[in-house]
Every structure is written in C-alpha cells, then in structure tokens.
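>>> fold the following and give me the result.
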Amino acid sequence: MAEFTRQRGKRQEDNGLGSVLDLLLANARLVLGVTGAAVLAIATLAVKRLIDRATSPRDEGDPKAEQKTLEESWPELALIKATPNPPPKQRREDLSEPLLSPARPPVQEPRVCPAPPETPRLESSPPRCLTLQEKLLSHYSNHLSVPEAQTSLVLQLARSICAQLQNFLRNKCPELPFGSLFLSGPLLDGLRALTADHVHLMLPVVLDTALWSLIPGEDTVVRNPQYWMIKRTDLEYFPRGCSPWDRFIVGRYFSSNVLNETLHKLLVASINWPAIGSLLGSVIHPVVASQELKLEVKHDQVELSITLFPVVEMEDKILLAAPPEGLVENLWLESFYRAEVSALKELDAGDSGVRQCCLCILNNICKTHPALHKLAGSPLTHVILHLSAASTDWAEEDLADRFQQVLEELVGYLERGVLPSYFNHKINLFCELSEEEIDEMGFMLYRAVSEPELLLTEK
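All right, here's what the predicted structure looks like:
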C-alpha cells in the first residue's frame, strides 16, 4: 500500500511537471518558433530524466544502480552541451515584420580616422643662468659690433671732407704751415669703436723749434702738469713776424684759444659746405654754438660728427689745442692717446690678452651711464695699464676676473680722489672732477664690485 501511494504520488508529480512543461513548450513555440521550441524540448527532456533518477529510490540490492545512474547521466549531459544555442529572442517589433522582407544591407559605420598620436611636449627647461664671463663676451659681441659697410661709408665721407678742408686751408691761408690733415679715433686705430658716428680730424701745426719752446704746466699759474704752454723765444733776435704763428701770440705765448677762434670763423663763414655736401651726397654744417671745432654730417645711411683738433708735436710731446674752461687761454693739453693705443696693442700681442676687449666693454658701459660717463676714455685706459703692470693673466678665460679687478681699482682711485697717469705720475686724471661727481661714481662702482651685472643692465 505504501508502495502504491509512493508510485501514485510520483505519477501525480510527473503529470504536474509534464503539464507545466507542455505549457512552456507551447508558449515557446509562439515565442521561439518551431526550431527553438524543439531544441528547448530536447534540453527539457534531458533535465527531466536527470531529475527523475535523482528523486526515484534505487534498489538497495542492486549494486550497479548508482553506477548505471552516473553512466546514463554523462551521455545526457553531453547531449545538453552538444545542443546548439537557441537563436536570440526576437523583439516584438521584429515579429510584426513580414517573413519575406528583403534583407537590409548592412549599414556601414562611418570610418573614424584615428587621431594622430600627440607629439610629446618637451617641457622647457628653466633658463640657464649665465656667468659673468658669458655675459661680458655676449655684451662685447652683441653691443660693440659696427657693420663694416657703415664703417667704410663713414671713413669714406671723413676722408673726402678731410681732403676738401686741406685744399681750402692751403688756398685760404698759404702762409700758415699746416701739416697734412689725418683722421684719428677708434675706427682707425684698431680699437673697436662703440659706434661709427664720430671721427677726430687732426690738423698739425708745424713750429720752428728755434723760435718756440715748451713750458711744463706745473711751472705755470695753473700748476697742472697735464697742460703745457708754448713760449715764443729770442724775440730780441727774432722779433715778431719772423714766425708765421706770431699772429696768435698772447703775452709771448702761443694761444690755443686764439687759434681755435680763427679756425672756427673759417669753418663757419668761409667754407662753402653746401657745395661740398652736394658733391658727397650729404648735408654738412658746422656747429656754431660749440667751443669745439665740430662738423655735423648727415647722409642717407649714416650721421657723422667730425671734431677738428689743431695739434703740435714737439720734444716728444703731443699737445692739443683744447684749453680748459676758464680765463687761462694759452694752455695746450698733452694727449696720450697714441701712446695708450700702442701700449694696449703691444701688451695684448705679447700674451694674447683681452685688455682692448675689457676697455671697450667698460667704455660702452660708462658712456651710456649718466653717472659714469666722465670715466670713459683715458681714465679707464690708464687703470687697465696700471693693472697690467701688476697682473699678467689677461687671457680670455680671465676676462671676468680682470673686469672685476678693474672695478675694484677704480673704487680705490676714487676713494683717494687721485688717478695717476700711466705715462706721467704727476698728472692726476681726476683733477677736473668735483667731489659730488667722485662720490656718485664711487657709490655706483662700490655696488658693482659685489654685483658686476648691475653695470650691464642698470642705466
């Protein structure tokens, strides 16, 4: 009885499971189609058999029952794995479409060109700090170079004007024994010029040494060894008129001031500069208001300033008609320019030094600095010459050290208020500077000793 009840219950369960499966298969036929429903039925049947074997009691006396059950289950599992996957479930919209609708051509997706790989950005490295040596060499090459074409044009104009002025003086003043005019200045003497806009025109004054003699400046009323006086001698034997230069005598001395005034009148009133300028393709006019003998030249490509200096060479002295401001008008300034250039060239040639380079940099700094412009020229040259006597290392790699050393020497000379000339230690090249100017220069250079770059940037 119990066995029957168990078998009946089993049949009822089978009937209930079967009805459920039939319902699922019927609905699957609507949703999946015939093929999909068949595949689902096979898979469902295999699963049902596995469930039946698992739930039905096996015969305890049959030792092969468990083995049989496992052996039969493997093929059925293999059957499930071999069954192809059902097609994907159709959407409701797809079921409403006709079965024989023409196949749609595959829509080609637009081709997207791959973006080119980004070039890796190189991070800009921070600017490298230049050393003082590099800054000085850069300053020398970038700020102190004059184009050759400009230099050539300036010299051509200056020589043409020099020739015109020479012809005029010979025709206008044949009785005055002027020598041959010649040009001077950094453009011609081998030193690198800061700009090609200024030239010196030297006018030699030829004196008879039997009638003229030199008087040192310390023996005159000014007590300044930098200035000299030219005295007319033996007037009792050679009275006035024996020398063509006697017309410029003031109190038995050759007056540089009277000579300059005479030449100034000639330059302003007697020379036809418009005609000469038209021949040279430029405009030339003398500077009337200046105490110096100056000509301003304007060309399409350059502008030029020419300064005329009467010069006397006697007893190994070179004297310029450049008297100091004041009442004394018979003084002649001793010039060491020719000796300065020669000494610098000889020293640099002997050790391949950079004295001229250092001088050009300092000259450019001082000329463009409002507080230091009076140091440019001879004072700087003499400081370098003094330093060369004590320091022999002037190679290019020592430029920065020598530059700083020159600044230190300048500060020391300004503190004492005395800069002796390299060629005559009696001459103080700072004698015409006021205390205020010395203090201002000293303060500026004292700062520059610890920070030399200030001079290359601060103006």
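
>>> give me the buried positions along the helix or strand Glu409 falls within.
Assessed by DSSP states H and E, Glu409 sits inside helix 399-416. Buried positions in helix 399-416, judged by neighbour count with 16 or more other Cβ atoms under 10 Å: Leu399, Ala400, Arg402, Phe403, Gln405, Val406, Leu407, Glu409, Leu410, Val411, Tyr413, Leu414. The C-beta positions use only the backbone N, C-alpha and C, and glycine is treated the same way.

>>> assess the claim that the fourth one and Leu359 are in contact.
Think Phe403. No: using Cβ atoms under 8 Å, Phe403 is not in contact with Leu359, being 10.4 Å away.

>>> which parts of the stretch 151-300 of the chain are helices?
All helices of the stretch 151-300 of the chain, identified by DSSP state H, counting those that start in this stretch, fall at 186-189, 256-265, 273-280.

>>> turn these into TSV, columns for mean neighbour count.
What follows is the helices of the stretch 151-300 of the chain, written out as TSV (neighbours: other Cβ atoms under 10 Å):
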stretch	mean neighbour count
helix 186-189	19
helix 256-265	18
helix 273-280	14
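
>>> low-confidence regions, the stretch 1-150 of the chain specifically.
For the stretch 1-150 of the chain, the stretches flagged by pLDDT under 70 are 1-128.

>>> ok, now with 50
Flagging of the stretch 1-150 of the chain using pLDDT under 50 yields the residue ranges 1-13, 60-61, 63-84, 86-107, 109-110, 112-113.

>>> and for Leu418, the neighbour number?
Just so we're on the same page, residue 418 is Val rather than Leu. 13 (other Cβ atoms under 10 Å).

>>> in contact with it, which residues?
Contact partners of Val418, counting by Cβ atoms under 8 Å, 6 or more residues apart in numbering, are Asn428, Phe430.

>>> equivalent analysis for Ser141, please.
Not one residue lies near Ser141 by Cβ under 8 Å, 6+ apart.

>>> what's the answer for Ala322, then?
Contacts of Ala322 by Cβ under 8 Å, 6+ apart are Ser256, Phe309, Trp332, Leu333.

>>> make it 7 Å
Phe309, Leu333 (Cβ atoms under 7 Å, 6 or more residues apart in numbering).

>>> now it: how far from Arg240?
26 Å (Cβ to Cβ, to the nearest Å).

>>> cool, and His386?
Distance, His386 to Arg240, by Cβ to Cβ: 45 Å.

>>> mind checking which of the two has more residues around it?
Between His386 and Arg240, counting by other Cβ under 10 Å, His386 is the more crowded of the two (17 against 11).

>>> am I right that the more buried one is in a helix?
Yes: assigned with DSSP: H, G, I helix; E, B strand; the rest coil, His386 falls within a helix.

>>> show me what contacts the residue lying closest to it once chain neighbours are set aside?
Once flanking residues are discounted, His386 sits nearest to Tyr422: 5.9 Å by Cβ to Cβ, 6 or more residues apart in numbering. By Cβ under 7 Å, 6+ apart, the contact set of Tyr422 is His382, Leu385, His386.

>>> what's around the first one, how many residues?
Just to be clear, that refers to His382. Using other Cβ under 10 Å, the number of residues around His382 comes to 21.

>>> using the three-state scheme, assign the nearest residue to it once chain neighbours are set aside.
Nearest residue to His382, sequence neighbours excluded (Cβ to Cβ, 6+ apart): Tyr422, at 4.6 Å. Going by three-state DSSP, the secondary structure assigned to Tyr422 is coil.

>>> pLDDT value on Tyr422, please?
For Tyr422, the pLDDT comes out at 96.

>>> next one: it from Ser335, what distance?
To Ser335, Tyr422 is 13 Å away according to Cβ to Cβ.

>>> for His143, same thing?
According to Cβ to Cβ, His143 and Ser335 sit 27 Å apart.

>>> these two: which has the busier surroundings?
Per other Cβ under 10 Å, whichever of His143 and Ser335 has more neighbours is Ser335, with 20 against 14.

>>> wait, isn't that one in contact with Leu320?
Yes: with contact defined as Cβ atoms under 7 Å, Ser335 and Leu320 form a contacting pair (5.1 Å).

>>> between those two, which contacts overlap?
What both Ser335 and Leu320 touch, as defined by Cβ under 7 Å, 6+ apart, is an empty set.

>>> give me the neighbour count for His200.
Other residues lying near His200 total 21 when counted by other Cβ under 10 Å.

>>> please name the bridge partners of it.
Ser184, Thr307 (DSSP bridges).

>>> one more: the one 4 residues further on?
Applying DSSP bridges to Pro204 gives these bridge partners: Val311.

>>> what's the burial count for it?
16.

>>> ok, Cys366 next?
21.

>>> name the helix or strand for it, please.
Assigned by DSSP H and E, Cys366 falls within helix 355-367.

>>> how about the CA coordinates for that helix, as CSV?
Taking Å, rounded to 0.1, in the frame of the first residue of the first chain, the C-alpha atoms of helix 355-367 are listed here in CSV:
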residue,chain,number,x,y,z
ARG,A,355,92.8,94.3,-22.5
GLN,A,356,91.3,96.0,-25.5
CYS,A,357,88.1,93.9,-25.2
CYS,A,358,87.8,94.8,-21.5
LEU,A,359,88.4,98.5,-22.3
CYS,A,360,85.7,98.5,-25.0
ILE,A,361,83.1,97.0,-22.6
LEU,A,362,83.9,99.4,-19.9
ASN,A,363,83.9,102.4,-22.3
ASN,A,364,80.5,101.4,-23.6
ILE,A,365,79.1,101.0,-20.0
CYS,A,366,80.5,104.3,-18.8
LYS,A,367,79.5,106.3,-21.9
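
>>> now that helix: buried residues?
Buried-residue list, helix 355-367, by 16+ other Cβ under 10 Å: Arg355, Gln356, Cys357, Cys358, Leu359, Cys360, Ile361, Leu362, Asn363, Asn364, Ile365, Cys366.

>>> how about the residues you listed in TSV, adding distance to His264 and pLDDT?
Shown next, in TSV, are the buried residues of helix 355-367 (distance: Cβ to Cβ, whole Å; pLDDT from 0 to 100):
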residue	distance to His264	pLDDT
Arg355	37	94
Gln356	34	92
Cys357	38	91
Cys358	37	93
Leu359	32	92
Cys360	32	90
Ile361	36	91
Leu362	33	92
Asn363	28	90
Asn364	31	87
Ile365	33	90
Cys366	29	90
